[in-house]
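> coordinates only, sequence not included:
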């Protein structure tokens with residue numbers, strides 16, 4: 001558990017979290033960012049190792065020289081994180097929403113203000129190294145859709161180039177990886193999903209021409225708004241539509257498109273139900289594997305993955321709804337993930353999600369995914385010296401059931417050893433020993 005309402009103290013504030021915002025995000029180092037708060041207070045918080053640290057809250061000065069503080073974070077889209085650097089949207093005292101990041105050289109910076117003068121409608125933030133991206137309606141010199149790209153090293157704004165004579169499609173959200181960006185684009189007579197590298201496009205699919213893999217020759221007719229890209233464009237994933245069929249497709253290591261799931265795919269763990277809808281904003285890609293939010297024909301909702309090669313359920317709201325939170329079994333009634341909720345970390349594939357609990361309240365949960373059993377368990381060992389020295393010790397872990405990975409590990413004050421246990425029973429006990 002990263003943070004839980006009624007239990008986790010609000011850093012820099014008073015009391016405990018009373019609620020969390022939209023989907024959290026995680027980077028390849030396992031760092032997490034989320035929006036949270038309580039009545040009269042709120043902000044953007046990270047878990048860089050242990051939780052929590054303040055990125056910005058309602059006491060933080062807006063970095064625009066006005067002397068005003070942030071008003072609210074609750075209406076903003078999900079934040080993002082990469083290498084511990086964060087980007088987010090927040091509401092100012094003027095009620096305008098701005099895009100902010102600490103990925104630059106001078107601390108927190110204001111990148112754009114959505115005031116209708118230069119910047120209109122906008123989407124989620126995306127961080128890649130020191131670059132920050134965001135879909136927006138750029139009003140200068142005349143309104144057009146664009147993907148803003150801010151360089152934190154120079155604190156200058158550029159744009160993703162959709163290609164000569166091409167335009168960025170409406171609401172195609174920013175997704176960056178190295179010099180690559182994925183986007184839906186159009187020109188006279190053509191609508192495409194493509195990867196752009198400084199305007200040089202690699203076309204993945206063309207509406208009306210490219211067959212949707214696994215669907216009997218049905219061609220794509222439309223592309224959804226949240227495509228994702230990874231590993232400098234070698235990997236990509238997106239939702240497509242054609243002839244009343246929706247599907248999630250990916251390509252890995254520069255290869256051909258593959259079908260991950262569509263409206264004919266049986267939902268794992270469902271007893272035969274097939275996917276009705278795959279959420280466009282709930283697709284996340286890491287190291288060639290995907291996690292996504294999908295629903296069945298009726299009431300089934302779940303998070304699913306192809307880690308391990310076969311589609312598997314991570315958690316759903318029916319037969320796979322119980323998780324272990326700090327040694328307590330809790331039933332999850334609903335959950336939320338975004339396009340940056342999944343990462344390949346030194347601990348393996350890790351998912352972070354917001355869970356609403358049947359017992360009341362909610363939690364930000366970080367969980368390791370393995371190929372056959374969905375969620376794995378974590379066991380954290382903290383080291384505390386009476387004289388507060390910084391020496392590291394080697395710690396081994398053994399458990400009464402399941403398999404402990406990566407043991408022994410080093411631990412010291414402020415840097416605990418985090419073990420992953422796969423396949424453990426609900427009543428398993430574990431013992432940590434200094435070696």
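Received it, and whenever you're ready, just let me know what you need. Predicted, not measured: the structure shown is a model, and the values here were computed from it. Residues are numbered from 1 along each chain as shown.

> Now do the contacts for residue 380.
Counting by C-beta atoms under 8 Å, 6 or more residues apart in numbering, residue 380 makes contact with 416-419. Every C-beta, even on glycine, is put in place using the N, C-alpha and C of the backbone.

> Kindly indicate which of these lies nearest residue 205.
Residue 205 lies nearest to residue 418 out of these, by C-beta to C-beta, at 39.6 Å.

> From residue 309, how far out is the closest one?
Residue 418 sits 26 Å away from residue 309, taking C-beta to C-beta, to the nearest Å as the criterion.

> And the closest residue to residue 117 other than its chain neighbours, how far from residue 415?
Using C-beta to C-beta, 6 or more residues apart in numbering and skipping the chain neighbours, the partner closest in space to residue 117 is residue 139 (6.5 Å). From residue 139 over to residue 415 the distance is 47 Å, taken as C-beta to C-beta.

> picking up where we left off before, switch the contacts of residue 380 over to TSV; also include secondary structure.
Formatted as TSV, those follow (DSSP: H, G, I helix; E, B strand; the rest coil):
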residue	secondary structure
416	coil
417	strand
418	strand
419	strand
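
> Would you mind listing which of those residues are buried?
416-419 (16 or more other C-beta atoms under 10 Å).

> I'd like the mean pLDDT over stretch 165-181, please.
Per-residue pLDDT values across stretch 165-181 average out to 96.

> what's the burial count for residue 429?
Residues near residue 429, counting by other C-beta atoms under 10 Å, number 10.

> swap in residue 428?
15.

> which SS state does the residue nearest to it when sequence neighbours are not counted fall under?
In space, and not counting its chain neighbours, residue 428 is closest to residue 401: 4.5 Å by C-beta to C-beta, 6+ apart. Per three-state DSSP, the local secondary structure of residue 401 is coil.

> measure residue 401 to residue 379 for me?
According to C-beta to C-beta, residue 401 stands 13 Å off from residue 379.

> who has more neighbours, the two?
residue 379 (19 against 13).

> and the gap between the residue nearest to the spatial centre of the chain and residue 408?
A centroid search over the chain (C-alpha atoms, centre = their mean) returns residue 340, at 1.9 Å, as the residue closest to the centre. Distance, residue 340 to residue 408, by C-beta to C-beta: 32 Å.

> again with residue 105
Residue 105 is 39 Å from residue 408, by C-beta to C-beta.

> Neighbour count: the two, which is higher?
Counted by other C-beta under 10 Å, residue 105 and residue 408 do not tie: residue 408 has more neighbours, with 17 against 10.

> excluding its backbone neighbours, what's nearest the more buried one?
With C-beta to C-beta, 6+ apart as the criterion, residue 408 has its nearest non-adjacent residue at 4.2 Å, and that residue is residue 396.

> On the strand side of things, show who the one you found bridges to.
For residue 396, the beta-bridge partners are residue 433 (DSSP bridges).

> Pull the contacting residues for it.
407-408, 432-435.

> 10 Å - rerun?
With contact set as C-beta atoms under 10 Å, 6 or more residues apart in numbering, residue 396 has these partners: 381, 404, 407-409, 417, 419, 431-435.

> Whichever of the residues you listed end up buried, select them in ChimeraX.
The following ChimeraX line selects those of the contacts of residue 396 that are buried, judged by 16+ other C-beta under 10 Å:
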select :381,404,407,408,409,417,419,432
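
> one step back: closest to residue 179 among the contacts of residue 380?
Checking the contacts of residue 380 against residue 179 by C-beta to C-beta gives residue 418 as the nearest, at 33.0 Å.

> nearest spatial neighbour of that closest one, skipping sequence neighbours?
Excluding the flanking residues, the one nearest residue 418 by C-beta to C-beta, 6+ apart is residue 380, at 5.1 Å.

> Can you tell me the element that neighbour falls in?
Following DSSP states H and E, one finds residue 380 within strand 377-381.

> Please state the offset of that strand from the chain centre?
Once both centres are worked out by C-alpha atoms, centre = their mean, to the nearest Å, strand 377-381 turns out to sit 22 Å from its chain's centre.

> where does the stretch 1-150 of the chain dip in pLDDT?
By pLDDT under 70, the weakly predicted segments of the stretch 1-150 of the chain are 75-76.

> so the nearest residue to residue 349 once chain neighbours are set aside bridges to which residues?
Nearest-residue entry for residue 349: residue 369, 4.5 Å, with adjacent residues in sequence omitted and distances by C-beta to C-beta, 6+ apart. Counting by DSSP bridges, residue 369 forms beta bridges with residue 349, residue 375.

> Ok, residue 403 next?
Assessed by DSSP bridges, residue 403 has beta-bridge partners residue 422.

> How many residues are close by it?
Around residue 403 there are 13 residues (other C-beta under 10 Å).

> Likewise for residue 387?
Using other C-beta under 10 Å, residue 387 has 4 neighbouring residues.

> Name the SS class of it, please.
Strictly by three-state DSSP, residue 387 counts as coil.

> measure it to residue 413 for me?
Distance of residue 387 to residue 413, computed by C-beta to C-beta: 10 Å.

> And for residue 89?
35 Å.

> repeat for residue 129
Relative to residue 413, residue 129 is positioned 30 Å away (C-beta to C-beta).

> do the same with residue 325
Separation of residue 325 from residue 413 (C-beta to C-beta): 25 Å.

> higher neighbour count, these two?
Between residue 325 and residue 413, residue 325 has the larger neighbour count (other C-beta under 10 Å), namely 17 against 14.
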